[in-house]
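Engineer: Structure for the following, please:
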Amino acid sequence: MYRQLLGLRLLSRRTITSSARRQADNGVKEKQKLFQQDNGLPIHLKGGVKDALIYRFTMALTVFGSGYVVYELFTAAMPKKA
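Structural biologist: Numbers count the residues shown, from 1 in each chain. A predicted model of the protein is given here:
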């Protein structure tokens with residue numbers, strides 16, 4: 001039992017202390033340059049393809065949802081035939 005705890009303690013110490021720290025670069029300046037360019041795009045599309053896909057998906061979902069709400073309101077307003 002003690003041997004297992006000792007092995008676990010050594011393993012945990014080894015994985016924590018021997019891991020190299022990863023340096024994160026500061027990309028704020030590049031993002032500021034990207035978003036401040038005057039290229040005629042709205043701010044919510046300046047991030048690239050990912051932003052465009054998210055925007056289109058959101059708009060399609062909104063149009064579909066609005067249509068479905070109108071359909072449900074129309075079916076709820078019509079009297080059911082007995």
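Engineer: Tell me which helix or strand the residue nearest the centre of the chain sits in.
Structural biologist: Centroid-nearest residue in the chain, with C-alpha atoms, centre = their mean: residue 54, separated by 9.0 Å. Following DSSP states H and E, one finds residue 54 within helix 49-77.
Engineer: For that helix, buried residues please.
Structural biologist: Within helix 49-77, no residue counts as buried by 16 or more other C-beta atoms under 10 Å. For the C-beta atoms, the positions are set from N, CA and C on the backbone; glycine is no exception.
Engineer: Averaged pLDDT, it. What do you get?
Structural biologist: The predicted model assigns helix 49-77 a mean pLDDT of 96.
Engineer: what's that helix packed up against?
Structural biologist: Contact partners of helix 49-77 among helices and strands, from 3 or more C-beta pairs under 8 Å, 6 or more residues apart in numbering; DSSP states H and E: none.
Engineer: now the residue nearest to the centre of the chain: how far from residue 44?
Structural biologist: Separation of residue 54 from residue 44 (C-beta to C-beta, to the nearest Å): 9 Å.
Engineer: Common neighbours of the two, please.
Structural biologist: Residues touching both residue 54 and residue 44 (C-beta atoms under 8 Å, 6 or more residues apart in numbering): none.
Engineer: what about residue 1, how many residues close to it?
Structural biologist: If you count neighbours by other C-beta atoms under 10 Å, residue 1 ends up with 5.
Engineer: swap in residue 47?
Structural biologist: 15.
Engineer: Find me the pLDDT at residue 8, would you?
Structural biologist: So residue 8 comes in at 72 (pLDDT).
Engineer: Which strand or helix spans it?
Structural biologist: Using DSSP H and E, residue 8 falls within helix 2-17.
Engineer: Following element in sequence after that helix, please.
Structural biologist: Downstream of helix 2-17, the first helix or strand assigned by DSSP H and E is helix 28-36.
Engineer: Could you export that following helix as CSV, CA atoms only?
Structural biologist: The C-alpha atoms that make up helix 28-36 are tabulated as CSV, following Å, rounded to 0.1, in the frame of the first residue of the first chain:
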residue,chain,number,x,y,z
VAL,A,28,-3.6,41.9,-29.3
LYS,A,29,-1.7,44.3,-31.6
GLU,A,30,-2.3,42.0,-34.7
LYS,A,31,-6.0,41.8,-33.8
GLN,A,32,-6.2,45.5,-33.4
LYS,A,33,-4.7,46.1,-36.8
LEU,A,34,-7.1,43.5,-38.3
PHE,A,35,-10.2,45.0,-36.8
GLN,A,36,-9.2,48.6,-37.5
